[in-house]
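Q: no sequence for this one, just the structure:
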């Protein structure tokens with residue numbers, strides 16, 4: 001049996017040509033064995049119709065096996081020629097034939113180096129995507145933390161605003177310096193709150209792009 005790889009033919013037929021030839025060989029061989037058993041049975045039946053015949057079943061079996069060996073030897077020689085013809089003329093795809101699913105290679109031909117460069121670019125983009133996804137996850141976690149900080153700052157600002165209003169309403173002199181101090185810190189906290197809000201917007205915009 002031929003052992004030459006026929007990958008393109010396998011892609012087209014869905015099976016290897018060698019497998020097809022092996023099945024044909026086994027089918028012919030099984031048919032030959034069955035035929036010889038039938039012939040042996042007919043000979044034995046005919047011999048029983050001749051009284052006094054000295055040829056026994058054992059001799060018939062030996063003769064049948066000998067003839068079977070002779071037939072199998074000749075069959076193997078003929079099958080080798082038939083296999084060679086079928087593999088070369090029937091179960092083969094000419095070199096100038098391109099399967100429909102491979103037409104894209106004809107339209108966009110790539111050399112081995114170009115294909116490798118494309119693979120490298122794909123790997124680079126995959127790594128870049130994983131890095132950006134990881135960064136996006138870190139930014140989302142930071143955004144959640146900043147939301148918590150923002151809520152706390154708003155509570156503090158509300159508290160300072162309340163104290164400032166109380167000082168303004170009562171005009172208590174003892175609270176003058178406290179009022180100046182609270183006002184200055186309130187403005188600082190408002191600036192911090194604006195920075196947090198701007199960072200949050202930037203992070204949300206980056207998250208949408210991802």
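A: Looks like it came in fine. None of these values were measured; they are calculated from a predicted model. Numbering: from 1, shown residues only.
Q: counting contacts, what elements does the lengthiest helix in the chain pack onto?
A: When the chain is parsed with DSSP state H, its longest helix is helix 112-170. Secondary-structure packing of helix 112-170 (3 or more CB pairs under 8 Å, 6 or more residues apart in numbering; DSSP states H and E): helix 176-209. (Each C-beta comes from the backbone N, C-alpha and C, glycine too.)
Q: what pLDDT, on average, does the helix it packs on get?
A: Across helix 176-209, pLDDT averages out at 68.
Q: Repeat that for stretch 25-41.
A: pLDDT averaged over stretch 25-41 gives 90.
Q: List the contacts of that stretch.
A: 1, 60, 61, 64, 67, 68, 71, 72, 75, 79, 83 (CB atoms under 8 Å, 6 or more residues apart in numbering).
Q: Which of the residues you listed scores worst on pLDDT?
A: Out of the contacts of stretch 25-41, that is residue 1, at 53.
Q: one step back: would you mind checking the contacts of stretch 25-41 for buried ones?
A: For those, a burial check counting by 16 or more other CB atoms under 10 Å picks out 60, 64, 68, 72, 75, 79, 83.
Q: Let's see which of those residues end up in helices.
A: 60, 64, 68, 72, 75, 79, 83.
Q: Now flag whichever of those residues is closest to residue 156.
A: residue 83 (90.7 Å; CB to CB).
Q: now whichever helix or strand residue 77 is part of, how far from the centre of its chain.
A: Using DSSP states H and E, residue 77 falls within helix 57-89. Offset of helix 57-89 from its chain centre (CA atoms, centre = their mean, to the nearest Å): 46 Å.
Q: who are the neighbours of it, in terms of helices and strands?
A: helix 17-48.
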